[in-house]
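*Asks:* Task: produce atomic coordinates for the following.
(one chain, ligands or ions: 1)
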Amino acid sequence: MSRAQTHKIRNYSEQIRLIAGTAHSELASSISDVMGLPLADAHVGRFPDGEIDIKINVDVRGSDCFVLQPLCPPVNENWIELLLVVDCLRRASAGRITAVMPYYGYARKDRKDEGRVPISAKVVANTLTTTGVDRVLTLDMHAAQIQGFFEVPVDHLYAKPVLLDALRELNIENPVVVTPDVGGVKMARSYAKALGADLAIVDKRRISGSETVIEHVIGEVEGRNVIIVDDMISTGGSISQAAHIVRKHGAKQIVLAVSHAVFCGPAVERLDACPADKVLVTDTIPLRSAPSRVEVVSVAPLLAQSIRHLHESKSISSLFEEAHN
Ligand code: R5P
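*Replies:* Next up is the predicted model:
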């Protein structure tokens, strides 16, 4: 029987259990605080040889279990840890298991764009479903179509309402929303529409995992305040180059608004050296080091509300009417 079929016939009780992996304890605590629901007593540690040691110390039989674990760096550790927590819950007869992954690692490897490379995002999905996940709750996946890699339901949240609130508080006059690459046009257009702003596109070409080159700016940024939006800052190459190029084309104030602050490799140095006045990010990933001018807005209330809706079988999309525009 497939996981999808199993999902249909499973029953879970009124009992919600929040189980935190070690990927992002601060976010897990915030979700727990917002929900007024303690994190389940569990030990998620390491054996002396580095293998992962897990023991859940509360009864989960029949419970509606939400495992809080973004697949952020160190992604491989966090991924295996999530799988082992899910396995533990399944063997303890949990009623339903939802993987709450505010950041979906490996999402940028979602197709075979050259010969002899894996589709890693699909492998992540396969391992989760075969291990026992009944649902997935995630946020701003790099490519929304990754939902189709799963045979179980995926609820895809957007950081947009949270970032829009923070952007509106900045009272940016006459803004232009800029995407650092053509793949981000849909996202940038939806921000532009919500803010009543114009749209411009930076034409980026990726030459390696950490290097990109900018070819053109399509649209008017001269003398304008610019908001550059993206799903993630990884090495910071894309967005810092976009900030440099719009400044070169005459942009005044420059604000970056990004869902996932991966901040790896030279990201902090690149952002510190780029002409952005402010960098807005969410807390889907713990900030181990951050450039100056960073402001973090929390998605914990959004995740807490979504978990509550899932438990009560209420609509998730109703939380995001504006985000779908
Ligand atoms: C690209 O398609 C993504 O939306 C991001 O622009 C990119 O992955 C960010 O990576 P980096 O910060 O390393 O340029």
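
*Asks:* Pull out the buried residues from stretch 66-81.
*Replies:* By neighbour count on 16 or more other CB atoms under 10 Å, the buried set for stretch 66-81 is 66-73, 75, 77-79, 81. To be clear about C-beta, it is placed using only N, CA and C from the backbone, and glycine gets the same treatment.

*Asks:* Show me those that map onto helices.
*Replies:* Secondary structure from DSSP state H places 75, 77-79, 81 of those in helices.

*Asks:* Max pairwise distance over those residues: which two?
*Replies:* The distance between the two most remote of those (CB to CB) is 10.6 Å, for 75 and 81.

*Asks:* Correct me if wrong: residue 221 contacts residue 174.
*Replies:* No. With contacts counted by CB atoms under 8 Å, residue 221 stays clear of residue 174, the gap being 11.3 Å.

*Asks:* neighbour count winner among those two?
*Replies:* Between residue 221 and residue 174, counting by other CB atoms under 10 Å, residue 221 is the more crowded of the two (22 against 11).

*Asks:* Which positions in the stretch 1-150 of the chain make contact with the ligand?
*Replies:* Residues of the stretch 1-150 of the chain lying near the ligand by CB under 6 Å from any ligand atom: residue 108.

*Asks:* for the stretch 1-150 of the chain, what spans make up the helices?
*Replies:* 3-9, 25-35, 75-91, 120-131 (DSSP state H, counting those that start in this stretch).

*Asks:* The third one: how far from the chain's middle?
*Replies:* Its chain's C-alpha centre lies 18 Å from the corresponding centre of helix 75-91 when counted by CA atoms, centre = their mean, to the nearest Å.

*Asks:* can you give me the angle it makes with helix 120-131?
*Replies:* Here helix 75-91 runs at an angle of 20 degrees relative to helix 120-131 (axes from the mean of the first three to the mean of the last three CA atoms, to 10 degrees).

*Asks:* Tabulate the CA atom coordinates of helix 75-91 in PDB.
*Replies:* C-alpha atoms of helix 75-91 as PDB (Å, rounded to 0.1, in the frame of the first residue of the first chain):
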ATOM      1  CA  VAL A  75      21.500  20.000   5.300                       C
ATOM      2  CA  ASN A  76      22.600  16.300   5.300                       C
ATOM      3  CA  GLU A  77      22.700  16.100   9.100                       C
ATOM      4  CA  ASN A  78      19.300  17.800   9.400                       C
ATOM      5  CA  TRP A  79      17.800  15.600   6.600                       C
ATOM      6  CA  ILE A  80      18.900  12.300   8.200                       C
ATOM      7  CA  GLU A  81      17.800  13.500  11.700                       C
ATOM      8  CA  LEU A  82      14.400  14.300  10.300                       C
ATOM      9  CA  LEU A  83      14.100  10.900   8.700                       C
ATOM     10  CA  LEU A  84      15.100   9.200  12.000                       C
ATOM     11  CA  VAL A  85      12.500  11.300  14.000                       C
ATOM     12  CA  VAL A  86       9.800  10.300  11.500                       C
ATOM     13  CA  ASP A  87      10.800   6.600  11.700                       C
ATOM     14  CA  CYS A  88      10.700   6.800  15.500                       C
ATOM     15  CA  LEU A  89       7.200   8.300  15.400                       C
ATOM     16  CA  ARG A  90       5.900   5.800  12.900                       C
ATOM     17  CA  ARG A  91       7.200   2.900  14.900                       C
END
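
*Asks:* List of residues touching that helix?
*Replies:* By CB atoms under 8 Å, 6 or more residues apart in numbering, the list of residues contacting helix 75-91 from outside reads 19, 21-23, 42, 44, 52, 54-56, 60, 65, 67, 69-72, 97, 99, 101, 105-106, 124, 127-128, 131-133.

*Asks:* And for the residue nearest to residue 292 when sequence neighbours are not counted, the neighbour number?
*Replies:* Using CB to CB, 6 or more residues apart in numbering and skipping the chain neighbours, the partner closest in space to residue 292 is residue 272 (6.1 Å). Per other CB under 10 Å, the neighbour tally for residue 272 reads 15.
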